[in-house]
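**Student:** predicted model and sequence follow; I will ask about them next.
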Number of protein chains: 2
Amino acid sequence: MPGWVGGVLEEFPSYRTEEDKMRLAIRLARENVQSASGGPFGAAVFQQPGNRLVAVGVNRVERLNNSILHAEIMALMLAEKKLKSYTLSAPGFPDCELITSCEPCAMCLGAVLWSGVDRIVCGAGREDAAGLGFDEGPVFPESYRYLEDSGIEIVRGVLADEARAVFDLYRKRNGLVYNR
Amino acid sequence: MPGWVGGVLEEFPSYRTEEDKMRLAIRLARENVQSASGGPFGAAVFQQPGNRLVAVGVNRVERLNNSILHAEIMALMLAEKKLKSYTLSAPGFPDCELITSCEPCAMCLGAVLWSGVDRIVCGAGREDAAGLGFDEGPVFPESYRYLEDSGIEIVRGVLADEARAVFDLYRKRNGLVYNR
């Protein structure tokens, strides 16, 4: 993760609402653009009881030469590392949620299923990422339904305008849009 | 990657056919089970011209406490690291292919799109993984079509019996089947 993350976390002494948590994800996305450390995407994993932050992630694809390192993947991997478990729904673990500044691409949507999170909260939409030029891949309404049928709650459009504003900033800065 | 990988690679001095490459992926999957270093899945990235091996991967989810580390993800990340590029289709790069002992889950299918590989060759089928108890997630016929429409060639069922035999071995050894 980039060196600036600690400073951003200090801006958020506590989290009470869904919007508080989304503000963090969007702030991470924005700082990632401003610091030129990656794409315009941020994410965080919380334990729902107590609104406890477990881990955060930002897009690191370009800077680390690794197409897998989307913000959601980073946050999930770091959360599992912190909790020393390959699943965030291990016995005795409180419910976990993934907050992401943008609806997940096909890879990250699949990763959500394996990670064991119980809830995913999204800011900007797939169409916003597409508008910026990012191809989110084979995600269909049935894909979300599959997750819901597996017991995962999905919330979309939280602080979507603020999340989209980060895309506008990325566009203005001529940020790299990589696709196949 | 587990310490035994170098030894397995020595068993394969060269690769000429698709089956040769699949034999490597299946051998990695089998050794991963026999050495109890992870799930029954193996993968490899080749540059098609010259059939040059770039990187290999095996499932490391349980042992590294990381739900993202499927065989395909490992192989793609290590290939990008080796070539120092976040895409395997960077200008000047020869065509790359991903060989995997089993059809990819939703996460890995999405990862294929971002990775820049031009071709994916699969051994066992989604239904074989499901038979073992693994939930491959929201993968639909349209998902494969999406990849094909993006210019990715998809080949399935190469040495499928040999790939399935690794699942049988995993079952006999009571290997961990993790799901949401």
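**Tutor:** Structure received. Bear in mind that the values here come from a model prediction, so they are computed numbers and not experimental data. Residues are numbered from 1 along each chain as shown, chains lettered A, B, ... in the order given.
**Student:** so what does residue A:84 look like in phi/psi?
**Tutor:** Per-residue torsions, residue A:84: phi 50, psi 50 (degrees, to the nearest 10).
**Student:** quick check: it touching residue B:65?
**Tutor:** Yes - using C-beta atoms under 8 Å, residue A:84 makes contact with residue B:65 at a distance of 5.6 Å. All C-beta atoms are positioned from the backbone trio N, CA, C, and that covers glycine.
**Student:** and those two? Which one has more around it.
**Tutor:** Neighbour count, other C-beta atoms under 10 Å in any protein chain shown: between residue A:84 and residue B:65, residue B:65 has more, with 18 against 8.
**Student:** that one should be in a helix, yeah?
**Tutor:** No - Residue B:65 is assigned coil when assessed by DSSP: H, G, I helix; E, B strand; the rest coil, not a helix.
**Student:** please name the nearest non-neighbouring residue to it.
**Tutor:** Leaving aside its sequence neighbours, residue B:65 sits nearest to residue A:86 (C-beta to C-beta, 6 or more residues apart in numbering or on different chains; 4.8 Å).
**Student:** how many neighbours does that neighbour have?
**Tutor:** 23.
**Student:** confidence score at it?
**Tutor:** Confidence at residue A:86, expressed as pLDDT, is 97.
**Student:** now do the same contact list for it.
**Tutor:** A:80, B:61, B:62, B:64, B:65, B:66, B:67, B:178 (C-beta atoms under 8 Å, 6 or more residues apart in numbering or on different chains).
**Student:** do I have it right that the fifth one meets residue A:82?
**Tutor:** No - in this structure, residue B:65 sits apart from residue A:82 without contact. The criterion is C-beta under 8 Å, and the distance is 9.8 Å.
**Student:** ok, back up a step: okay, and the residue nearest to residue B:65 sits in which element?
**Tutor:** Per DSSP states H and E: residue A:86 is located in neither a helix nor a strand.
**Student:** same thing with residue A:45?
**Tutor:** Per DSSP H and E: residue A:45 is located in strand A:42-47.
**Student:** the top helix by length along chain A near chain B anywhere?
**Tutor:** Longest helix of chain A, by residue count under DSSP state H: helix A:18-34. No - Helix A:18-34 stays clear of chain B (C-beta under 8 Å from any C-beta of the partner chain), getting no nearer than 15.1 Å.
**Student:** and for stretch A:133-145?
**Tutor:** Yes - among the residues of stretch A:133-145, A:135, A:137, A:138, A:140, A:142, A:143 lie within reach of chain B under C-beta under 8 Å from any C-beta.
**Student:** now those in CSV, with neighbour count and pLDDT?
**Tutor:** Formatted as CSV, these follow (neighbours: other C-beta atoms under 10 Å in any protein chain shown; pLDDT from 0 to 100):
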residue, neighbour count, pLDDT
A:135, 17, 91
A:137, 27, 96
A:138, 26, 97
A:140, 15, 97
A:142, 13, 97
A:143, 24, 98
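**Student:** and those, which two are the farthest apart?
**Tutor:** The span of those, defined through C-beta to C-beta, is set by A:135 and A:142 at 18.7 Å.
**Student:** correct me, but residue A:115 touches residue B:67?
**Tutor:** Yes - with contact defined as C-beta under 8 Å, residue A:115 reaches residue B:67; the gap is 5.1 Å.
**Student:** buried residues, stretch A:166-176. List them.
**Tutor:** By neighbour count with 16 or more other C-beta atoms under 10 Å in any protein chain shown, stretch A:166-176 contains the buried residues A:166, A:167, A:170, A:175.
**Student:** how about that stretch and chain B, touching?
**Tutor:** No - no part of stretch A:166-176 sits near chain B under the criterion C-beta under 8 Å from any C-beta; the closest distance found is 9.3 Å.
**Student:** quick check: mean pLDDT across that stretch?
**Tutor:** Per-residue pLDDT values over stretch A:166-176 give a mean of 95.
**Student:** quick one, strands of chain A?
**Tutor:** Remark: strands assigned in chain A by DSSP state E are A:42-47, A:52-58, A:96-102, A:119-124, A:153-155.
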